[in-house]
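Trainee: Just the structure for this:
(one chain, ligands or ions: 1)
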Amino acid sequence: MKLKDLSVIVASWESRQWDAFVAEYLPAGVLTDAFWSGRPCPCPICGGKDRFTYTRNRDRGDWVCRKCNNGSPGGGDGLELVRRYTNMSYFELKRRLNGINNPVPLDLPNRPVSDRKPLDSAAKMRRIERQWTGAASLTPGDHAMQYLAARVPGLRAPKPQSLRLAVQEYWHEKQLIGKYPTIVAQFTLPDGRMATVHRTTLDRHKPAKATVVTADGEILPNKRNDVSALSPRGGAVRLMPPRDGELGIAEGLETAYAAYMLFGIPTWYSLNRVLLSQFVVPDGLGVHTVHIFADFDEIDVKTGKSPGMADALGLQKRLRSEGFKVVLHRPRVRGTDFCDEWRTAYQLRQLSEQAIAA
Ligand SMILES: [Zn+2]
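Mentor: Prediction:
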């Protein structure tokens, strides 16, 4: 197969995709609030303290560094940054971006919430622990339960130990946008440590995600990670304990619950498809069989593949090589996920019950 050129692949990328690409290849340690907000910070390539700035000035992951050109000022776009940091050749990058490892514009790195100094990892850990301990367990009828019941109708599942609810302030560029009920999910690494908390911002009045809008009309994400105290690679939100050695993994909260309703398999979720492809089964839980509940995404014209399926197949291959029994589940209809599939099944069930009753 002939590989597409990098310039062709990146031609349609928005700024968000450049950010996701950069975030995928640079180490978590340099991806600080200062980095993302375009303030001076250490250079991922040549070090220092404040010589580097991620400017995004052409919305192509642009950066400058005072020393990166043999001690003189240098810079470039996100491809140049990743290539120089990783020492990958253009050919290697091209090969990867033609394959399954291209970036997803989902769950992007956080923008800073204030003008604080960059947080070190201990401070990040304190911050996510504060959010977790400051949130309450779910109770019947609360905003989180109402939201889940609306998204996954008929939901019956063990009470989630890894989800909590809080009323959180939503900050954007030093502006308080509002206070919202927020689902706080604990994202846990294979060794049991918490790496970050993922937050779903809910509408105050109806069981739906909030529409968060700034004063000048910019729509902000209602699903976000907080700072990552540790690299999230390999982790998941552990929604319920595995049963009889069987565990499912899905991309999203709603698809995980829908898979549980459809198949009865206790299922965790990874937040996005890149993290799904990196999922690691923790030791000590007796898991021998992994069910992958893939999103059946439309074909990406850039790669000729369904992104969700491609990453699910990658995970299947790796887990099999690690000795697990793996069952890959795909929704019946292209362009849907298991949440859609469960909603359809539920509606049909309701209709047939009505027909029997009538
Ligand atoms: Zn540099």
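Trainee: CA atoms for contacts and neighbours, from now on please.
Mentor: Will do.
Trainee: got the phi/psi numbers for E298?
Mentor: phi -60, psi 160 (degrees, to the nearest 10).
Trainee: Who are the contact partners of it?
Mentor: 306-307, 334-335 (Cα atoms under 8 Å, 6 or more residues apart in numbering).
Trainee: Try it again at 10 Å.
Mentor: 304-309, 333-336 (Cα atoms under 10 Å, 6 or more residues apart in numbering).
Trainee: For it, give its distance to the ion.
Mentor: According to Cα to the ion, to the nearest Å, E298 and the ion sit 39 Å apart.
Trainee: Closest residue of this protein to the ion?
Mentor: C68 (3.7 Å; Cα to the ion).
Trainee: so that residue, which of the three states?
Mentor: Three-state call for C68 (DSSP: H, G, I helix; E, B strand; the rest coil): strand.
Trainee: Excluding chain neighbours, what is closest to it?
Mentor: G74 (5.0 Å; Cα to Cα, 6 or more residues apart in numbering).
Trainee: re earlier: okay, who's weakest in the contacts of E298 by pLDDT?
Mentor: The weakest per-residue confidence within these falls on G304 (80).
Trainee: Which other helices and strands does whichever strand or helix holds the residue nearest to C68 contact?
Mentor: For G74, the host element (DSSP states H and E) is strand 72-76. On a contact count with 3 or more Cα pairs under 10 Å, 6 or more residues apart in numbering; DSSP states H and E, strand 72-76 meets strand 47-54, strand 63-69.
Trainee: Show me what the host helix or strand of L97 is packed against.
Mentor: Per DSSP H and E, L97 falls inside helix 90-98. With contacts taken as 3+ Cα pairs under 10 Å, 6+ apart, helix 90-98 sits against helix 6-10, helix 78-86.
Trainee: Save those helices as a markdown table, and put in mean pLDDT too.
Mentor: Putting the helices and strands packed on helix 90-98 into a markdown table (pLDDT from 0 to 100) gives the following:
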| stretch | mean pLDDT |
| --- | --- |
| helix 6-10 | 85 |
| helix 78-86 | 89 |
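Trainee: quick one: buried residues of the helix or strand harbouring Q347?
Mentor: According to DSSP H and E, Q347 maps onto helix 338-357. For helix 338-357, the neighbour count (16 or more other Cα atoms under 10 Å) marks 338-343, 346 as buried.
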